[in-house]
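**Student:** Need a 3D model of the following:
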Amino acid sequence: IRILSPRGLPVTNMMNAALPDYYPSCAEAALKAGWELTGHGLFQRSLLYEEDEAAVIDEALAKYEKFCGKRPRGWLGPGYGESFDTPDILKQKGFEFIHDWMVDDTPCWMRTRHGPLMALPYALELNDVMTFVLDRHPAEEYYKRFRDAVEYFGAEPGAPPRVLTMGLHPHIIGQPQRLAAFERTIDMLMARNDTIFVTGGQIADWYKAQDPEGRKLVAQTGR
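**Tutor:** Alright, predicted model coming up:
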């Protein structure tokens with residue numbers, strides 16, 4: 001919050017629904033900061049381990065609504081874990097987009113039994129877990145990865161807008177030896193004239209307005 005709020009940057013808060021029960025001050029701080037909420041499970045536990053994932057999603061939705069007065073529009077499964085039924089269940093529950101299907105650098109539409117569902121990108125290779133925990137790189141690697149990615153995208157002739165998510169975990173990126181590199185990364189991106197910061201919901205709204213594929217899917221499938 002200290003780094004992002006003074007810069008006026010929009011943030012998507014991917015929060016376990018049970019977090020307000022255990023860390024209320026942390027949850028309230030994110031709410032007060034005005035961060036957009038995206039569903040991230042009930043606990044940090046993959047839906048693949050749940051006997052009734054629909055019931056778990058229902059419980060998570062009830063907790064989100066109780067905490068902030070509304071349901072999230074999007075979903076990222078804890079550990080990116082989901083079954084082949086999860087997109088159908090999420091669409092049936094009213095979700096508009098998910099991040100679990102990391103198939104491209106631009107959004108795309110998925111078919112479900114209940115109509116089109118938007119798949120938004122999630123840049124796993126740029127995630128702080130991948131960079132620091134799994135690949136065990138020093139802090140400067142975070143800056144280099146984002147710099148090289150945006151420079152490459154910026155040099156592509158006639159390329160469509162690309163999405164680079166900044167997946168952050170406070171216990172990982174929030175380590176003091178990494179925060180300076182994170183701030184440099186943020187400032188480098190802000191200084192570019194071809195880069196903007198948006199939330200997942202804003203990406204979904206933009207894509208829905210630009211790409212008619214969702215309407216085509218409705219016409220083809222009748223739902």
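**Student:** what sits against D187?
**Tutor:** Neighbour list for D187: empty [criterion: Cβ atoms under 8 Å, 6 or more residues apart in numbering]. Just so you know, the C-beta spots here come from the backbone N, C-alpha and C atoms, and that holds for glycine as well.
**Student:** Could you check which helix or strand contains it?
**Tutor:** helix 176-191 (DSSP states H and E).
**Student:** Let me know the average pLDDT across that helix.
**Tutor:** For helix 176-191, mean pLDDT is 97.
**Student:** now swap in stretch 30-46 and tell me
**Tutor:** Averaged over stretch 30-46, pLDDT sits at 96.
**Student:** List the buried residues in that stretch.
**Tutor:** A30, L31, W35, E36, L37, T38, G39, H40, G41, L42, R45 (16 or more other Cβ atoms under 10 Å).
**Student:** Contacts for that stretch next, please.
**Tutor:** Stretch 30-46 has contacts (Cβ under 8 Å, 6+ apart) with 1, 4-5, 10-18, 47, 56-57, 59-61, 63-64, 67-68, 70, 72-79, 81-82, 95, 99, 199-201.
**Student:** Please, where are all the strands along this protein?
**Tutor:** Along the chain, counting by DSSP state E, strands occupy 12-15, 36-39, 74-75, 97-98, 108-110, 117-119.
**Student:** if we look at the fourth one, which residues are touching it?
**Tutor:** Which is strand 97-98. Here strand 97-98 has contacts from 73-77, 86-87, 90, 107, 110, 117-120, 200, 204, using Cβ under 8 Å, 6+ apart.
**Student:** Go ahead and measure how far it is from the middle of the chain.
**Tutor:** Distance of strand 97-98 from its chain centroid, counting by Cα atoms, centre = their mean, to the nearest Å, is 9 Å.
**Student:** do the fifth one as well
**Tutor:** Between the mean C-alpha location of strand 108-110 and the chain-wide mean there is a distance of 16 Å, by Cα atoms, centre = their mean.
**Student:** Direction included, what does that strand pair against?
**Tutor:** Using DSSP bridges, strand 108-110 pairs in its sheet with strand 117-119 (antiparallel).
**Student:** mind checking how far the partner strand is from the chain centre?
**Tutor:** Mean-position distance between strand 117-119 and its chain equals 12 Å (Cα atoms, centre = their mean).
**Student:** and if you look at stretch 133-144?
**Tutor:** Relative to its parent chain, stretch 133-144 has a centroid offset of 20 Å by Cα atoms, centre = their mean.
**Student:** Which helix or strand in the chain has the lowest average pLDDT?
**Tutor:** helix 213-221 (a mean of 60; mean pLDDT, DSSP states H and E).
**Student:** Buried ones only from the contacts of stretch 30-46, please, as a ChimeraX command.
**Tutor:** Buried subset of the contacts of stretch 30-46, written as a ChimeraX selection, criterion 16+ other Cβ under 10 Å:
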select :4,11,12,13,14,15,16,17,18,47,56,57,60,61,63,64,67,68,72,73,74,75,76,77,78,81,82,95,99,199,200,201
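**Student:** out of the contacts of stretch 30-46, which are inside helices?
**Tutor:** Within those, residues falling in helices by DSSP state H are V56, I57, E59, A60, L61, K63, Y64, F67, C68, G200, G201.
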